[in-house]
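J.: sequence unavailable; structure follows:
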């Protein structure tokens, strides 16, 4: 069951990194928050690139990466902005909508069919998002849904989830033409370099901000690398659907860290909502 341990480790690393970014770098711009995480991970990614086997790659691999990188950076900036301006417990759970968007785009664009488990999973994810703001239902039954669009971090994370539904498909295509390990390390390394190259174009970004707090920066890069390596090792041991489903426990970890570290309020209803959403993700991932 090593794959299970590695999948949980990947989920925990992702949540811990969000807490580091919010706690130590939320006074910076969203771009700087994300760039710190990526730049400090480069030494670990280069080491990984030197160690892992290099599979033969073709034009499909590089085309998928070239299309995916601008989308990934856009999603990453939305992600960073979301955790900067809103509680973790009202942002991270909305990543559960990524498989929903994958299913819906497949249905409307590719004509793929929806089975009962997929529909049930979508229902649970939408229901869970309602539970995140359940206390607001006392005034108006539709208030919990309206609250999603009033909370900037929530709708930004919905946009992130939508973009991830496309980058996930591109990532699968690139993996088919390489390997999970090589793709992940190469992709994040190029994302780091691509993000850094845009530094002069970003308003308000200052180089001094990137090294002013080196200890949390190094820790953030280390945790990101840990997430990448544990993710790729786990996915090489088990079917991707099982690994990704377990990794979605990051929804719960994010809410719990928000409660413990940032003293976020109404954690019971938000944890309930995140748990319901995670059940929906499990249904889609395992049976949908």
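T.: Looks like it came in fine. Everything quoted here is computed from the prediction, not taken from an experiment.

J.: okay, and for the chain, where does confidence drop off?
T.: Where the chain drops to pLDDT under 70, the residues are 109-110, 288.

J.: for it, which helix is longest?
T.: In the chain, assigned by DSSP state H, the helix with the most residues is helix 59-85.

J.: buried residues in that one?
T.: Residues of helix 59-85 classed as buried by neighbour count (16 or more other CB atoms under 10 Å): 61, 64-65, 68-69, 72-73, 75-84. All C-beta atoms are positioned from the backbone trio N, CA, C, and that covers glycine.

J.: you'd agree residue 77 is up against residue 34?
T.: Yes: using CB atoms under 8 Å, residue 77 is in contact with residue 34, at 6.3 Å.

J.: ranges for the helices of the stretch 1-150 of the chain?
T.: For the stretch 1-150 of the chain, the helices defined by DSSP state H, counting those that start in this stretch occupy 2-25, 30-39, 42-51, 59-85, 97-109, 116-131, 143-150.

J.: just name the most buried of these.
T.: helix 30-39 (a mean of 23; mean count of other CB atoms under 10 Å).

J.: now that one, how far from the centre of its chain.
T.: 14 Å (CA atoms, centre = their mean, to the nearest Å).

J.: tell me how far the residue sitting nearest the centre point of the chain lies from residue 77.
T.: Taking CA atoms, centre = their mean as the criterion, residue 95 is the residue nearest the geometric centre of the chain, at 6.5 Å. Computed with CB to CB, to the nearest Å, the distance linking residue 95 and residue 77 is 15 Å.

J.: picking up where we left off before, of all the helices of the stretch 1-150 of the chain, which one comes closest to residue 276?
T.: Closest approach to residue 276 among the helices of the stretch 1-150 of the chain is made by helix 116-131 (3.5 Å; CB to CB).

J.: other SSEs contacting the closest one?
T.: Secondary-structure packing of helix 116-131 (3 or more CB pairs under 8 Å, 6 or more residues apart in numbering; DSSP states H and E): helix 97-109, helix 143-150, helix 267-287.

J.: quick one: buried residues of the last one?
T.: What that stands for is helix 267-287. Across helix 267-287, burial judged by 16+ other CB under 10 Å covers 267, 269-271, 273-285.

J.: now name the helix or strand holding the closest residue to residue 88 other than its chain neighbours.
T.: Spatial nearest neighbour of residue 88, excluding adjacent residues (CB to CB, 6 or more residues apart in numbering): residue 258 at 3.5 Å. Residue 258 is part of helix 250-262 when elements are defined by DSSP states H and E.

J.: now do that helix: everything it contacts.
T.: By CB atoms under 8 Å, 6 or more residues apart in numbering, the residues outside helix 250-262 that reach it are 10-12, 14-16, 18-19, 22-23, 87-89, 91-93, 95-96, 264, 267, 270-271, 274-275, 277-278, 281.
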